[in-house]
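> Need a 3D model of the sequence below.
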Amino acid sequence: MEKIVYFDKQGRLYIPEEIRKVLQFSTLVLKLSGKSIIIEPIEDDPIEALGNIGKEKLKGKSIETLKKEAREEIEKNAFKKIR
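The predicted structure follows:
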């Protein structure tokens, strides 16, 4: 979806309703990348969002697999700090 938008006299940017409905977020972060503006949503409940990410990463993995992955990550980071 693409829309042409303008800043008003106070410097506010109006995001059309049809785009706001698709986003369904009330808080956004604005980033500059060169001459581009990137607007990304921030979860209303960041703790819940992190929990959901964690659930997806853990889905279908056994405790043994998780332990093995954790050990490998610790060893990898330990080698970086030693060097």
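
> going forward, measure contacts between C-alpha atoms and count neighbours the same way
Noted.

> mind checking the SS state of residue 28?
strand (DSSP: H, G, I helix; E, B strand; the rest coil).

> no, scratch that, I was asking about residue 77
Classification of residue 77 using three-state DSSP returns helix.

> That one and residue 70: what is the separation?
Computed as CA to CA, to the nearest Å, the residue 77 to residue 70 distance reads 11 Å.

> from what I can see residue 27 touches residue 46, true?
No - in this structure, residue 27 sits apart from residue 46 without contact. The criterion is CA atoms under 8 Å, and the distance is 11.2 Å.

> Mind jotting down where the strands sit in the protein?
In the chain, strands defined by DSSP state E lie at 27-33, 36-42, listed in chain order.

> Can you tell me the strand partners of the last one and which way each runs?
Based on DSSP bridges, the pairing partners of strand 36-42 within the sheet are strand 27-33 (antiparallel).

> who's in contact with the partner strand?
For strand 27-33, contacts defined as CA atoms under 8 Å, 6 or more residues apart in numbering pick out 37, 38, 39, 40, 41, 42, 43, 44.

> Quick check: chain neighbours aside, which residue is closest to the first one?
The one in question is residue 37. In space, not counting the residues next to it along the chain, residue 37 is nearest to residue 31; the distance is 5.7 Å by CA to CA, 6 or more residues apart in numbering.

> Any chance of JSON lines for the strands of the chain, columns distance to residue 51 and mean pLDDT?
Compiled in JSON lines, the strands of the chain are given as follows (distance: least, CA to CA, whole Å; pLDDT from 0 to 100):
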{"stretch": "strand 27-33", "distance to residue 51": "19", "mean pLDDT": "86"}
{"stretch": "strand 36-42", "distance to residue 51": "15", "mean pLDDT": "85"}
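
> if we can go back for a sec, quick check: the residue nearest to residue 37 vs residue 6, distance?
Noted for residue 31: a distance of 17 Å to residue 6, by CA to CA.

> Show me where the chain dips below the pLDDT cut-off.
Scanning the chain with the threshold set as pLDDT under 70 gives 81-83.
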